[in-house]
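**Q** Compute the structure for the input listed below.
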Amino acid sequence: MSQIAKKSFSTKLIRSRSSITFGKKEKANQQMDTNSKHLSTAKYISNQREKAREIVSCLQRKNIKLIAIDFDNTFLSIHTSGFYQGTVDNLIEYIRSTFYYFIQEILNSPAFGQTLHVCIVTFSSQEQLIRKLLQLAFKTPKTERIIIRGNTPKLISNMNDEDFLGKQFHLSSVITELATQRKKTIKPHEILLLDDDVQNILIAEKFGHKVLEIRDGINLDILKEFTFNVLPKC
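**A** Residues are numbered from 1 along each chain as shown. As a prediction, this is how the structure comes out:
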């Protein structure tokens, strides 16, 4: 698997033009190079979006109704340790492009909010930070329908100190909200958890959820391979 470099999603891929002054020939060559780079970037973005659309369509065919995404080291390429002190703007460059395209196509899908739902499940308590990051990254009011469950005092008060159950309390809370506030019923086998923590993955499997362990080399090709050829139909 290739190492993912620290970079932001599509809008960050196009760099600003050089401020150096060129002669007429050099300017023409620079313009051609710039146009080529823009075309190449546009083709790359189109290709990534198409892959993401195919993944979303396949997940629906396999009756996945809730996609649960971990925050640190999954949605982000770094771990904030739940105490991030910087600005939301600075966090954007750490969003994995895989999840940017993936979530963008979920939000664009007619199924979103109807038969397909998304949540962020995290041990971080910074739910407001995550909400602002989603708003800034995707620039659509649809992000308000992404449920965020972190280790807030309210959630922690319902946890059993004796047993560590990974993200199960988070997922149970999300399922309850979908049932009570949106009248949507989600069964355990209709949930897909994407998480970098092996223990969370193993626990989720025991509860009947579909799972994928996220590693640093994650990309849309890997996610597509898993969705089409590994993930069983519910």
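**Q** what residues are up against the closest residue to S109 other than its chain neighbours?
**A** Closest residue to S109 in three dimensions, ignoring its sequence neighbours and counting by C-beta to C-beta, 6 or more residues apart in numbering: V56, at 5.4 Å. The way it works is simple: take the backbone N, C-alpha and C, and place the C-beta from them, glycine included. By C-beta atoms under 8 Å, 6 or more residues apart in numbering, the residues touching V56 are 102, 105-106, 109, 111, 116.
**Q** ranges for the helices of the protein?
**A** Here the chain has its helices, by DSSP state H, at 10-13, 24-61, 88-91, 97-108, 127-138, 153-156, 168-181, 198-206, 220-225.
**Q** so which of these comes closest to E213?
**A** helix 198-206 (5.1 Å; C-beta to C-beta).
**Q** Contacts for that closest one, please.
**A** 70, 164-168, 171, 191, 193, 195, 211-213.
**Q** Please repeat the previous calculation with a cut-off of 10 Å.
**A** 68, 70, 74, 121, 123, 163-168, 170-171, 188, 191-195, 197, 209-214 (C-beta atoms under 10 Å, 6 or more residues apart in numbering).
**Q** again, but for stretch 220-231
**A** By C-beta under 10 Å, 6+ apart, stretch 220-231 touches 1, 47-52, 54-59, 61-62, 64, 97-99, 101-102, 192, 194, 210-215, 218-219.
**Q** so where's this structure uncertain?
**A** Counting by pLDDT under 70, the ranges of the chain that qualify are 1-39, 160-162, 234.
**Q** Just give the nearest non-adjacent residue to the most centrally placed residue in it, would you?
**A** The residue lying closest to the centre of the chain (C-alpha atoms, centre = their mean) is F99, at 3.5 Å. Of all residues not flanking F99 in the chain, F75 sits nearest, at 5.0 Å (C-beta to C-beta, 6+ apart).
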